[in-house]
Every structure is written in C-alpha cells, then in structure tokens.
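J.: Got a predicted model here, sequence first, then my questions.
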Amino acid sequence: MIKKRLRLYLPILVLLFLGVFLLRGLWLDPKKLPSALIGKPAPAVVLPVLSFTGSEVAAVQLADIQTLQNIDALKGQPWVLNVFASWCQACLVEHPHFIALAKQRKIKLVGLAYKDDLANTRRWLAQYGNPYDLILIDQQGQYGIELGVYGVPETFLMSANNTIIHKQVGPIPADYFDSMALPAIEASR
Amino acid sequence: MISFISQFSLALATVLALFGAVAGFVAVRGVYVHEPAVPLLVSLQRNVLLVTSLVSVAFLGLICSFVLSDFSVRNVAENSNLALPVFYKVAASWGSHEGSFLLWVLMFAGWTQAVAWSGFEVSACFKVRVLATLQLVLVGFLLYLLTASNPFEYLNPTPVDGRDLNPLLQDIIMIIHPPMLYMGYVGFAVTFAFAVAGLLEGRFDMTWARWSRPWTNVAWAFLTVGIALGSWWAYRELGWGGWWFWDPVENASLMPWLAGTALIHSLAVSEKRGALRSWTLLLALTTFALSLLGTFLVRSGVLTSVHAFATDPERGVFILALLFIVVGASYILYALKTGEVGQGGSFKATGRESLLLSNNVLMSAALVAVMLGTLYPLVVEVIGGRKMSVGQPYFEAMFAPILLPAVLLMALGPDSRWRETRLAQYIKPGAVALGVAVLVLLGAALFNGHFSLLWAVGVVCAVFMAVATLAHAAVATRKAGAAAPESGLLYRIRRLSLSYWGMVLAHLGVAVFVVGVSWVKTFETETDAVLKPGETTEIGPWRVTFIGVDSVQRQNHVAALGVFELTRGDGTLIHLLEPEKRRYQSSEQIMTESAIHSDWFSDVYVSLGDAVQSSTSSGAWGVRLYYKPLINLIWWGCALMALGGLVTVFDRRYRPRKNGAMA
C-alpha cells in the first residue's frame, strides 16, 4: 500500500528532476560554446584549395584540386575562417552578411568547405555568391576536428599571428565585424 | 493613450481574476452539497466575463497600436514599420514574444469564457472549482505580462519608423498558425481544470470523463491544425523542401499532441468502463503540463531553434516558476487525492480497453522518445558542459516502430468489444482488409517500378487500417437501419453517433497521413540546375522551362520574380510558376519565396537561387526543383484528423439537457 502511495509521487519527482535542468539551462547561452582553442594558435596544416571562378557549375574533377595552402602562410593580418557547407541550412542565414562583409573588404575571408561534396559546394557558391578570398577544402572533416567544430556554420577569427581570438557558433550577426571581430582584434593587440 | 488603457485593463483583469479565483475556492467550501451553489456560480461567471472583456480590450489596444504605427510602444517599434501592409501590421501583434503571450492570455480567457457559458450538465460546485482553477492559472500569466514581458512598454525617444516584422513571418499562414496552436495548448487547460476540480472534490466518475471529452477533443483538433499549419508554413516558406525538421520547437508542440491523443483514448475507457481513472487523470494534468513546457521551451530560449527569439534568463525563470507552481501543485494534489479515485472496472486482454491502453502505451513511448531527443542535449550540457544535438535519424528510427504498430491496432479498434472480444471477431474483417492492403501495395509497386521497405510497410499498415475502418463503418451503417428497412442512407448515417463518425474520420486521417509520409519519403526527387532563359529541365513527370526573371518593386520589398513554364511530359498541361527572391528594405534580409504547383496530391516546387554571373551564361539563374509525390496527403490527413476531433463535439450525448439552472 505504501509502495503504491509512493508511486503516485513519481510525476512530481520527474517534474523536479526536469526542472533542475531547465532552470540551469536558462543560464547557458545555446549559441555560446566553450572553445578550448581560444588564445591558442590555429592548427597549422596544409589544405587543398577549391578553385572557383564563379561561373562553373559542372561537376568537378579531382584534377581540379591542385593548389595547396598552408594555414601558417596566412599569417600577417587578421583573418576570418568560416566553416560552411552546401548542406547547411543555417549557412544561408549568415551568407548575406559575409557577402556584405566581402564587399566592404575590411578583413580577409577564408571559407572552409566542410564535409561537402565539391560539386555541391560550387553550385552553392554559384547560386548564392562567393564572398571568400580563399576557399579551403576539408572533405573528411579532419581540420574541423582539430578546430573543435561542433556544427556548421562556425566562424573563427584569427589574429595576425594565427591565434584564434574569437569563435562564433551558428550564423554570424549582421554586425559581426563591428560587434565581435573588431573588439576581439583590439583586445588581442 | 491606447497603450495606457490596455495596460490598465490588464492590471484590472489580473486583480479581478485573482479575486474570482480566491473567492471561488473559499466560498465553494461553504456550500453544502444539498445547498444550491448557483448564486456563487452566477457571480463567478460574471467575473469571468469581466476579465475576458478586459483582456480583449488590451488585445484590441495592441492591434490598434500596431495599425496606427504607434512607435512609442517598444513592441510596435521593434516588430512593425510604416511600409508594412496593414494585414501584417495586425498579425505583427502576435509576432513578438510579448504579443504572442498576450494572445496566449486572450485565448486562455476565451476558453474560460466558453466554459462559463457552456450549459453542460455539471454540478454548480464543480463548475465553480473549474472556473476558479482557470482564473488562478490566468493570474499567473497576466502577472508575467505585467512584470517581465510587457507588450506595451514605453519607448523613449520615439523612433520615426519601426524596424520590421521578421520577413519569415510575413505570410498568411503565419498569421493563423500561432492562434491555432495556442487554441490547442490553452484548450488543454480546460481538461486540466476539470481534473483539478475532480481531484478537489474527490469526484472522478464516468460523468466526469464525459464532461472532459468534448473539451479535450476540440483542443486536440485545434492543436492538430496548428501543428499542420506550422509544418505547411515551413514547407512553403523556408524553401528547403522539408515539412518536419524535428526542431525543438516542433517537438515542443508534438509532445502535448501525443499526450492529448493518449488522453482522448483513455478518456473513452474512463467514460464507458470507469477504468484507467488514475492514469487518465495523470494524462489530463500532464497534457497541459506539456503545453506549458512547450511554451517555456519556445519562449525562453533554453534550446536553440528558429523560433527561440529571446534569450533572457529572467523571463525564462518566470515562465519556469509558473510551470512549476501550476504543474507541481496539481501533481501534489494528484498524489494526495488520487487514492480516493480507485481504478475502476477490470477487463481482459482482448477487450477494447486493452486496445485503447496499447494506444496509450505507444503514445507515451512516442512522447518519451520525443522528450528524450529534445531535452537530452540540454541535460548533457548541464552535466558535462558538452554541446550535442539529436537529429532526424534518431527521431525517425524511434518513430516508425512506434507509430506503425499503433496504426495496425487502430485497424482492429472498431471491431473490438468492451471487456472481452472473441479473437474470431478480429479475424474476418482483418483478413479482408489485409488482403486489400497487399493488393494495393502490389499494384502501387508495379505502377511505380521500385519500392522501399519503409514505403511498403507504411502503405500496407495504412491501407489495412483504412479498409478495416471503412468496412466497419459500412457494416455499422447497414445495421443501423435494420429496424427500419426502408430508411435512406442519410438516416442510417445519422443513427450512428457523431462520436463514432469522428473516430472514423480521424483514423482515416491517420491512414492518409501515413500514406503521404511514406510516399514522399520514398519517391521525392530534387535537382539543382542552372538555366538560361528558354532552357528546359525535367523533374518527376514535369518539364520546367525557364522564361526569365523580372524585377518587381512592392510595398516593403523588391523581388526578383522568376517565371517558369510547367508542362506535363506530353506537353498538354501548362501552368506558370513564379518563385521569388525578395529583399526587404528595412532589414536588408533576403527571403526566398518558392513557387509550388499542386495538383491536390503531388507538388512540384521551384526555388529561385541567384543569377549566375559570367560572360558565357548571360541571364542564367540557379534553380532548385523538387518533386514531391502525394505530399499533400500529409495535410489532408491532418485536416481529416482535426475534422474528426471537431465532429465528435456535436454528439448528442454532450448536448446540455434543458434544466434551466445552468444557463
């Protein structure tokens, strides 16, 4: 009988249990992610470069990938690394902001085509426009792992000596450059 | 001025509702069973009317502020602007966090009013407790509006023009989707209040269940429509070609729907057989609890989602506290009082009760699966600080094995008898229906040329269930006229109860829905193409010819309007498709408006990409095309389900008897 009585309190226990997590969850910003790499140098590897002239949409040949880019060689000025993919819906949200940023030419924009079919990447860029000065390829997601990419899109800001100084998970806001990138660059100096 | 009146109305409504609730609960204790509680009820009903009117005034005030573009109200300045068409200005009233809560409160007051006005046969004491409970919950939300989320907050200095309504929300469906959804969420509050009143009185018999049923069904029907509209909107507006994304917010609305579905069926057992009482009671409380949880998840920003607007812990804490107080109090009441309720009649494994119980088990399993998938990332993050997400594969893997058996059981439902059914009773109609289902499957497989396992299982289950249901309806209709052999079909149909026909419609809706889902999942195709004017591409049975792109200036946006000509393979049928790419001036946001040609069942869907700039391909545009066979069955299925839910309400049994006292 007592056992049966106790069972009746189960709903309230479940509620309490959930409540603790929901309450705690309120103070976590779902868009803010911890990054162990902030303040650390960007992992220095060599990545293939996607050739994209803006007009081709045809399937890409493997032979297309010729040039390689060493991440270390990007030192010299602050730059932005945007992890994107053609299969990523949220990327379309931030894409216009990158296009706008590219037009203002305030900072070097590097795209990382993440776990994507190259033909799709090109088609995507042809369709929505290419804001990047340089597009690197990470087909297996290896570099993504080294960077600690949780999901696409993510945007890393690198200082002039290739230190990761800021990370944005999810689409960047329209005022990304002024509200996030500039303060981070100032602070890192 | 208007916003001042509105705010004052809200404050007054809060005080009155609090007074009504407290007075109701206190006064009803002094009323003896044999003493008529009617004067108390009448005064409480008047109080409810007053509160509803005041809330309506506040809501009208908000609409006026939007229509008149009163930018001294922060809410208006942030969610509207001068160029916004009037239609959307009205809709913007519930486009923001604050406004949508006011709508929530308005709906809540409306439902309370409906209970107060309804003339159904309840003891006056019981009705007083129901109304007092509803008023008490309403006070909580009114307080939230007045303190943490004021829709009429003053903005100084007053801007010359407002920002804009999120272009994603500038869509006709988006205007009706939230009200429908809220009608459902809030409607479950009535069932909740019935359960609380039942617990307070220690009264939970078959009449209790009969009172609860129509309210539950209406709320469920609205929720069904609300969810379906949301899904349809996502399909049309987001331009991704999908219709359900297992987004936390979609899940948040699915959870009360699943619980509500279970509740509808366990209420049937409780009404007819007096069984499963304690469980039904718990479901009634939980369904509303999940509606509140849904509101909390959507509006607190605790989970990432397209809908989560504000990440303001203060607001979240308030809603969470409300949820806690309302649900916690009711669960404690449940734990203390439900012992008096008793379990009710027993039944055998083959009886209808068992089938309905299996429905409950399956719905609860689905509910737990959705809840786990939705909240697990949050739990993991709170414990370990790690971020993760649970996606479509998980939900699909969980859902198909839960829902398909449910569909099979539904086929047996109408043939079952209460308490105990001889197995032979299931076999004959079952075998016939299964035969038909297999034939349909083979026919469809031959016609389509290829098939998948999911599709085959889905189609067989759905057709099996639909045929069994229709067959039962046919037999029942014939039997209904047995007493009067010359009677017409209409007479016979009317002899059967509307509850029965509601069930038939809703179950057929599920079958139609399942066919739609399995078909689309298996046979949908998509292509990306770059087309120059005059070029043609093929998708499904259609040929799509690109004519060109025009630039169009509208009230608050500029649109690139693509024109496509759609022809059947043989070149006879011709339609024009005009997908758009819009740039909203105020927010500089770019929106894709896909164009859909729908032939009642299947859709062809064209999304305009961007112009491809290069010397060789002048005037070429990137285009994405989808062919979605039978996708419209998904919406038709939902419509049938909702219609079924609504039809039951007009059943004769729920009509008030004329005794004058309850007017």
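T.: Structure received.
J.: How many neighbouring residues does whichever residue of the stretch 1-150 of chain B sits closest to chain A have?
T.: At 12.8 Å from chain A, residue B:148 is the closest residue in the stretch 1-150 of chain B, using C-beta to the nearest C-beta. All C-beta atoms are positioned from the backbone trio N, CA, C, and that covers glycine. By the measure other C-beta atoms under 10 Å in any protein chain shown, the count of residues near residue B:148 is 16.
J.: next one: phi and psi at residue A:108?
T.: phi -70, psi 130 (degrees, to the nearest 10).
J.: quick one: contacts for the closest residue to it other than its chain neighbours?
T.: Nearest residue to residue A:108, sequence neighbours excluded (C-beta to C-beta, 6 or more residues apart in numbering or on different chains): residue A:79, at 4.0 Å. Neighbouring residues of residue A:79 by C-beta atoms under 8 Å, 6 or more residues apart in numbering or on different chains: A:107-110, A:157-158.
J.: Identify the bridge partners of residue A:79.
T.: residue A:108, residue A:158 (DSSP bridges).
J.: Now name the helix or strand holding residue B:51.
T.: Under the criterion of DSSP states H and E, residue B:51 resides in helix B:38-67.
J.: and the next element down the chain from that helix?
T.: Downstream of helix B:38-67, the next assigned helix or strand under DSSP H and E is helix B:74-79.
J.: Which helix or strand lies directly C-terminal to that next one?
T.: Criterion used, DSSP H and E; the element after helix B:74-79 is helix B:86-92.
J.: Pull the residues that contact that following helix.
T.: B:63, B:66-67, B:69, B:76, B:79-80, B:84, B:99, B:165, B:169-170, B:174-175.
J.: run the last query once more with 7 Å
T.: If you take C-beta atoms under 7 Å, 6 or more residues apart in numbering or on different chains as the criterion, helix B:86-92 is touched by B:63, B:66-67, B:79-80, B:84, B:165, B:170, B:175.
J.: of those, buried ones?
T.: Among the contacts of helix B:86-92, those buried by neighbour count (16 or more other C-beta atoms under 10 Å in any protein chain shown) are B:63, B:66, B:79-80, B:84, B:165, B:170, B:175.
J.: What is the neighbour count of the residue lying closest to residue B:330 once chain neighbours are set aside?
T.: In space, and not counting its chain neighbours, residue B:330 is closest to residue B:285: 4.8 Å by C-beta to C-beta, 6+ apart. Counted with other C-beta under 10 Å, the neighbours of residue B:285 add up to 25.
J.: Next: residue B:349.
T.: By other C-beta under 10 Å, neighbour count at residue B:349 equals 11.
J.: for residue B:405, same thing?
T.: Neighbours around residue B:405, by other C-beta under 10 Å: 15.
J.: Can you list the buried residues in the host helix or strand of it?
T.: Under the criterion of DSSP H and E, residue B:405 resides in helix B:392-412. By 16+ other C-beta under 10 Å, the buried positions in helix B:392-412 come out as B:395, B:398-400, B:402-404, B:406-412.
J.: Residue 146: what's it in contact with?
T.: Unless you meant another one, I'm taking chain A. Residue A:146 neighbours (C-beta under 7 Å, 6+ apart): residue A:43.
J.: Not quite, go with chain B.
T.: Contact analysis of residue B:146 by C-beta under 7 Å, 6+ apart lists B:10-11, B:14.
J.: try it again with 8 Å
T.: Going by C-beta under 8 Å, 6+ apart, residue B:146 touches B:7, B:10-11, B:14.
J.: what about the helix or strand it falls within, average pLDDT?
T.: According to DSSP H and E, residue B:146 maps onto helix B:124-147. On average, the pLDDT along helix B:124-147 is 92.
J.: Dump it to PDB, restricted to CA.
T.: Coordinates of each C-alpha in helix B:124-147 appear next as PDB, following Å, rounded to 0.1, in the frame of the first residue of the first chain:
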ATOM      1  CA  ALA B 124     -22.600  24.100  -9.700                       C
ATOM      2  CA  CYS B 125     -19.900  23.400  -7.100                       C
ATOM      3  CA  PHE B 126     -17.800  21.600  -9.700                       C
ATOM      4  CA  LYS B 127     -18.100  24.300 -12.200                       C
ATOM      5  CA  VAL B 128     -17.100  26.900  -9.700                       C
ATOM      6  CA  ARG B 129     -14.000  24.900  -9.000                       C
ATOM      7  CA  VAL B 130     -13.200  24.600 -12.700                       C
ATOM      8  CA  LEU B 131     -13.600  28.300 -13.300                       C
ATOM      9  CA  ALA B 132     -11.600  29.200 -10.200                       C
ATOM     10  CA  THR B 133      -8.800  27.000 -11.300                       C
ATOM     11  CA  LEU B 134      -8.700  28.500 -14.700                       C
ATOM     12  CA  GLN B 135      -8.800  32.000 -13.300                       C
ATOM     13  CA  LEU B 136      -5.900  31.200 -10.900                       C
ATOM     14  CA  VAL B 137      -3.700  29.900 -13.800                       C
ATOM     15  CA  LEU B 138      -4.700  33.000 -15.800                       C
ATOM     16  CA  VAL B 139      -3.500  35.300 -13.000                       C
ATOM     17  CA  GLY B 140       0.000  33.700 -13.300                       C
ATOM     18  CA  PHE B 141       0.300  34.600 -17.000                       C
ATOM     19  CA  LEU B 142      -1.200  38.000 -16.500                       C
ATOM     20  CA  LEU B 143       1.400  38.700 -13.900                       C
ATOM     21  CA  TYR B 144       4.100  37.600 -16.300                       C
ATOM     22  CA  LEU B 145       2.700  40.000 -18.900                       C
ATOM     23  CA  LEU B 146       2.600  42.900 -16.400                       C
ATOM     24  CA  THR B 147       6.100  42.400 -15.000                       C
END
